[in-house]
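> predicted model, plus sequence, below.
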Amino acid sequence: MKPIRDFSHGDTRAPYLVTYQVYDPEFPAVFLKIKKLIQDVAGPIVVEHFGSSSIPGLGGRGALDIAIPAPESEHSYLRQLLYGIGFQDSPFPHYLPLLVGCLSHIQRNYAILLYLVLPESKVYTDWLKFRCHMLNNLEDASAYDDVKRQAIARGDTQGEHYQEAKLPFLAAIEDKLKGEIS
């Protein structure tokens with residue numbers, strides 16, 4: 001049996017119907033298990049944890065967002081290795097290459113969204129900046145948590161609507177990040 005299970009073993013509503021879940025203190029341990037599984041087959045490649053599940057105390061949809069930055073010439077090879085441990089192509093459309101899976105940890109199934117990205121891509125570098133900012137600015141992380149809860153409470157539970165509800169907050173953080181860099 002492959003260590004990464006079919007996405008259907010997780011909460012398959014997560015990418016489609018967004019529900020708010022409080023931060024799970026097991027996220028770091030789950031990420032480390034996933035990273036080890038990937039590096040056991042792919043070698044010592046970079047595997048990054050980002051998104052809400054990488055920020056202690058920040059709730060979200062409960063899925064682990066993971067990125068593997070690699071040159072495009074390696075994406076096909078990496079995909080084959082990832083398929084071998086159980087990842088599968090995303091069942092929903094996405095603007096980035098996306099694989100999904102599920103890992104069982106302490107009698108709970110954790111949904112995984114895994115992105116293959118170019119190391120120099122703006123989206124990847126923005127994810128890392130955002131994670132760093134949130135880890136160092138807990139008041140912003142708390143405010144982001146509130147934005148997510150309010151969006152769900154208003155009924156913005158479809159993926160696109162949920163993302164749109166967060167845009168004003170995310171734009172404000174992006175402006176802060178630009179100010180920090182200047």
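Nice, thanks for sending it over.

> how many residues are close by residue 80?
Residues near residue 80, counting by other Cβ atoms under 10 Å, number 10. C-beta here means a position set from N, CA and C on the backbone, and glycine is covered the same way.

> please read the previous query as pertaining to residue 130.
Neighbour number of residue 130 under other Cβ under 10 Å is 20.

> remind me which helix or strand the residue nearest to it when sequence neighbours are not counted belongs to.
Once flanking residues are discounted, residue 130 sits nearest to residue 173: 6.7 Å by Cβ to Cβ, 6 or more residues apart in numbering. Residue 173 belongs to helix 159-181 when assigned by DSSP states H and E.

> residue 177 and residue 75: what is the separation?
27 Å (Cβ to Cβ, to the nearest Å).

> residue 89 now?
Distance from residue 89 to residue 75, by Cβ to Cβ: 13 Å.

> and residue 7, by the same measure?
In terms of Cβ to Cβ, residue 7 sits 20 Å off from residue 75.

> where exactly do the helices run in this protein?
Under the criterion DSSP state H, helices of the chain are mapped to 27-42, 72-84, 122-136, 138-153, 159-181.

> closest one to residue 116 among the ones you listed?
Smallest distance to residue 116 across those (Cβ to Cβ): 4.9 Å, for helix 72-84.

> which elements pack onto that closest one?
helix 27-42, strand 108-117 (3 or more Cβ pairs under 8 Å, 6 or more residues apart in numbering; DSSP states H and E).

> next one: the helix or strand of the chain with the lowest mean pLDDT to chain centre, how far?
Ranked by mean pLDDT, DSSP states H and E, the weakest helix or strand in the chain is helix 159-181, scoring a mean of 87. Helix 159-181 has its C-alpha centroid displaced from the chain centroid by 16 Å (Cα atoms, centre = their mean, to the nearest Å).

> beta partners of the spatially most central residue of the chain?
By Cα atoms, centre = their mean, the chain has its centre lying nearest to residue 65, at 1.5 Å. Judged by DSSP bridges, the bridge partners of residue 65 are residue 50, residue 113.

> neighbours around residue 5, how many?
19.

> hang on, isn't it packed against residue 110?
No: using Cβ atoms under 8 Å, residue 5 makes no contact with residue 110, being 10.0 Å away.

> so what sits against both of those two?
102, 103, 104 (Cβ atoms under 8 Å, 6 or more residues apart in numbering).

> among the residues you listed, name the buried ones.
102, 103 (16 or more other Cβ atoms under 10 Å).
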